[in-house]
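Enquirer: The amino acid sequence is not available; the structure is as follows:
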């Protein structure tokens, strides 16, 4: 393990042995609908509340990933998780009966990359043989917590994004086969002064730009090193902002760069305005779609840069601007190393 | 670094180069009042809201710790933090202008031990030379978020605990002198079915018992190995419960075992019922009081086991029980190794 700037480079293998994505009905109707491992049409996932539904979904993604890895949950050295519910209750209730050591994380919608980064460090450091990184979001739990009661039927602004109902889980291992995590760039908190809670893409874009730029500097790689660079949930507006910020540096990201919030919904057909958002957006797109592209040989080098807005509704109501963060992990097929 | 059971043992030095504690007025009037590095009588810390006050307090603890370590903040490889505010906004707003890579954590009141554990792993793994672990709580932000508006003046039950206004920050380094972190036992989530939100000590005690027991099993050490074992914020009720759980195993913890929630306030004089609580309780007691005991040679081997309740008010209102967690770090003076 070597640290350069804000980036850790892994020389020992950190293997994504399996991943699994669970998504809701609306997500199943989008362009990636066929790519999720499981789709649940019931927003309650058989539970009594949306909050418990999110926990059920998150746990299901972990169980599916363990099945695919052929590794029982009891064998995992650590679980790394968190979610958007206050007090990260989604993850706590999902994992309370697993009996596995738990590191609770809060990275808002950047949690998938944060948990993969720390999971990779745990493995590379020698203090774990296997661990799981997982996160989720649920439209109904997020909307009522961050915005309005669903029954209020508030009109959404054109810049607003749609919280994805989805979960993604990854089993990391020192043994086995699968894509390797080869680098992790840890983000700093960037607050560009955006105060509009209905324009999260704009608030998070400067953090994404900062982390991507540092990743390129630290590794000496240019964007062209990667087959695909994806941010987490900047949506259409944030994606355009990141492109523009790099253009000012004379760097054209072009078609090599996309955003999970743009990919998961059909902009024309699904009425999601700014695109998808939520910790489960990048988690389910990575676990469901991008990992399958890698396994199929269609992607060999991926830079996954999940983005999070670290504000709270209380802070926003008190007039504070929205701090953003972005963590990036480099995922490469063995034959690309 | 060696892993045994749920415990990581550090062979390379992980040194607590400095620590600092900031506390509020009520805490300054308690038995440890003289031990904090700074006391702020103004609950607003010069800010406009209690939430921003908590951020100011947390940042101040970090600045003080950096000063004591003789290490500028810009030199820190990572910041590890989180707090009790929804979306961990206390930490995010405190650290948004530091420019340092940030791992956001959510361990509720166990955050001090969680951040020290992960910080120690980052250092021992070789991907960091220095990092900071820090957390806080504020009576006014916690009470209105978890319970009632302060102006409501609700009567507290006899089992209720008093959220500490306090912050603690630690500078970990591979170089320099100071107490060493020698082991970290990562807790599992334990839900014993307690549903009473005004009796957190009872809800968290089974998690504390589980982690302490595993620490002793994993390390082959008995309680007598340590000069002092402290849990985070179980208070009087939870402390008694842990003693009883060990007594059933035939283990008498006795005077060797205390709890930061019992230590920080005077039970008779300060009207705190069950004792102190909050992430800042164990953080400020460890940074302010226990570290100074170690430096003075009065404590050589300390087991610090911070405890957290992972429920949310939403989950509790939905009838869910309270999951608890406890992480433990072993802190020893070099001459005790």
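Expert: Happy to help now that I have it. Keep in mind it's a predicted model, so treat the numbers as computed, not measured.
Enquirer: Distance-wise, check the residue lying farthest from the centre of chain A relative to residue A:211.
Expert: Ranked by distance from the centre of chain A (Cα atoms, centre = their mean), the top residue is residue A:152, with 28.7 Å. The gap separating residue A:152 from residue A:211 is 35 Å, by Cβ to Cβ, to the nearest Å. Every C-beta, even on glycine, is put in place using the N, C-alpha and C of the backbone.
Enquirer: ditto for residue A:124
Expert: Distance, residue A:124 to residue A:211, by Cβ to Cβ: 20 Å.
Enquirer: ok, the two, which is more surrounded?
Expert: Comparing residue A:124 with residue A:211 by other Cβ atoms under 10 Å in any protein chain shown, the one with more neighbours is residue A:211, at 30 against 24.
Enquirer: just checking, next helix/strand downstream of the helix or strand hosting the more buried one?
Expert: According to DSSP states H and E, residue A:211 maps onto helix A:200-219. For helix A:200-219, the following helix or strand on the C-terminal side (DSSP H and E) is strand A:228-231.
Enquirer: outside of that following strand, which residues touch it?
Expert: For strand A:228-231, the external contacting residues (Cβ atoms under 8 Å, 6 or more residues apart in numbering or on different chains) are A:208, A:212, A:223, A:238-239, A:242, A:253, A:256-261, A:263, A:282, A:285-286, A:290, A:299, A:301-307, A:326.
Enquirer: Kindly write the PyMOL command that selects the buried subset of those.
Expert: Selection of buried members from the contacts of strand A:228-231 for PyMOL, criterion 16 or more other Cβ atoms under 10 Å in any protein chain shown:
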select buried, chain A and resi 208+212+223+238+239+242+253+257+258+259+260+261+263+282+285+286+290+299+301+302+303+304+305+306+307+326
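Enquirer: Can you read off the pLDDT for the residue in the stretch 1-150 of chain A that chain B sits nearest to?
Expert: Of all residues in the stretch 1-150 of chain A, residue A:125 sits closest to chain B, at 3.3 Å by Cβ to the nearest Cβ. On pLDDT, residue A:125 comes in at 95.
Enquirer: burial measure for it, as a count.
Expert: Residues within reach of residue A:125, counting by other Cβ under 10 Å, total 20.
Enquirer: One more: residue A:269?
Expert: Residue A:269 has 10 neighbours, counted by other Cβ under 10 Å.
Enquirer: so where's chain A shaky on pLDDT?
Expert: Confidence mapping of chain A against pLDDT under 70 gives zero matching residues.
Enquirer: Tell me how it divides into domains.
Expert: A:11-173, A:182-336 (automatic domain parsing).
Enquirer: got the ones you listed as TSV, with distance to residue B:119 columns?
Expert: Formatted as TSV, the domains of chain A follow (distance: least, Cβ to Cβ, whole Å):
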stretch	distance to residue B:119
domain A:11-173	11
domain A:182-336	13
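Enquirer: right, so of these, which gets closest to residue B:39?
Expert: domain A:182-336 (25.2 Å; Cβ to Cβ).
Enquirer: from the chain's centre, how far out does the closest one sit?
Expert: Distance, stretch centre to chain centre, for domain A:182-336: 9 Å (Cα atoms, centre = their mean, to the nearest Å).
Enquirer: Any idea how far apart the tips of it sit?
Expert: In domain A:182-336, first residue to last residue: 11 Å (Cα to Cα, to the nearest Å).
Enquirer: Also stretch A:141-150?
Expert: 9 Å.
Enquirer: In that stretch, which residues are buried?
Expert: A:141, A:142, A:143, A:144, A:145, A:146, A:147.
Enquirer: and the fifth one, which of the three is it?
Expert: Just to be clear, that refers to residue A:145. helix (DSSP: H, G, I helix; E, B strand; the rest coil).
Enquirer: Can you show me the helices along the stretch 201-337 of chain A?
Expert: Using DSSP state H, counting those that start in this stretch, the helices assigned to the stretch 201-337 of chain A run over residues A:235-248, A:260-263, A:267-270, A:279-284, A:291-295, A:313-317.
Enquirer: Could you export those as CSV, including distance to residue B:184?
Expert: Below are the helices of the stretch 201-337 of chain A laid out as CSV (distance: least, Cβ to Cβ, whole Å):
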stretch, distance to residue B:184
helix A:235-248, 37
helix A:260-263, 33
helix A:267-270, 46
helix A:279-284, 26
helix A:291-295, 31
helix A:313-317, 32
